[in-house]
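*Asks:* Make a model of this:
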Amino acid sequence: MSDIAKQGYRVQEYHGPVKRYCQTMDLKDNPELIEEYIKRHSEAYAWPEIREGIRQVGILEMEIYILGNRLFMIVETPIDFEWESAMAKLATLPRQAEWEDYMAIFQDTKPGLSSAEKWQLMDRMFYLYK
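*Replies:* Predicted coordinates for the structure are as follows:
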């Protein structure tokens, strides 16, 4: 575990309420592939069109965490965000399908799937807000 993980991650501050979606997916259990997957998501290697497309559909913030070959994604959006329509739009944006095919070699999924088909939405089973 890195020192940063032990210190915690600062979260974005917004000027109003947002909502959060949490998703999971597994990578192929291969250390070399996992290392390359992490590299391809770095600022230096991630495709700018993909980041732009994520913002274009209304996503405010997206974070991916990893433990072994398990991925966990947090997506923050405005309150009026519609998940299904945004994911449908995202799938049509430039280079998105190409990116998904490019990432499929690392992921424990079938090739040719969209992001919404690969990443599985998770149910919240506990929260401390009350």
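
*Asks:* CA only for contacts and neighbour counts going forward, please
*Replies:* Fine.

*Asks:* Show me the helices in the protein, by range?
*Replies:* 3-7, 31-40, 48-56, 83-92, 96-104, 115-118 (DSSP state H).

*Asks:* Contacts made by the fourth one with the rest, please.
*Replies:* In other words, helix 83-92. By Cα atoms under 8 Å, 6 or more residues apart in numbering, the surrounding residues in contact with helix 83-92 are 53, 54, 57, 58, 96, 97, 114, 115, 116.

*Asks:* weakest of the helices of the chain by average pLDDT?
*Replies:* When the helices of the chain are ranked by mean pLDDT, helix 3-7 comes last with a mean of 89.

*Asks:* buried residues in stretch 26-33?
*Replies:* 26, 27, 28, 33 (16 or more other Cα atoms under 10 Å).

*Asks:* Mind checking which of the contacts of helix 83-92 are buried?
*Replies:* By neighbour count, with 16+ other Cα under 10 Å, the contacts of helix 83-92 hold 53, 54, 57, 58, 96, 97, 114, 115, 116 as buried.

*Asks:* Adding distance to residue 68, write the residues you listed out as a markdown table.
*Replies:* Output for the buried ones among the contacts of helix 83-92, formatted as a markdown table (distance: Cα to Cα, whole Å):
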| residue | distance to residue 68 |
| --- | --- |
| 53 | 28 |
| 54 | 25 |
| 57 | 30 |
| 58 | 30 |
| 96 | 26 |
| 97 | 26 |
| 114 | 23 |
| 115 | 21 |
| 116 | 22 |
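
*Asks:* Among those residues, which pair sits farthest apart?
*Replies:* The most widely separated members of the buried ones among the contacts of helix 83-92 are 58 and 97, with 18.5 Å between them, by Cα to Cα.

*Asks:* Verify the stated contact: residue 22 with residue 122.
*Replies:* Yes: contact between residue 22 and residue 122 holds when scored by Cα atoms under 8 Å: they sit 5.5 Å apart.
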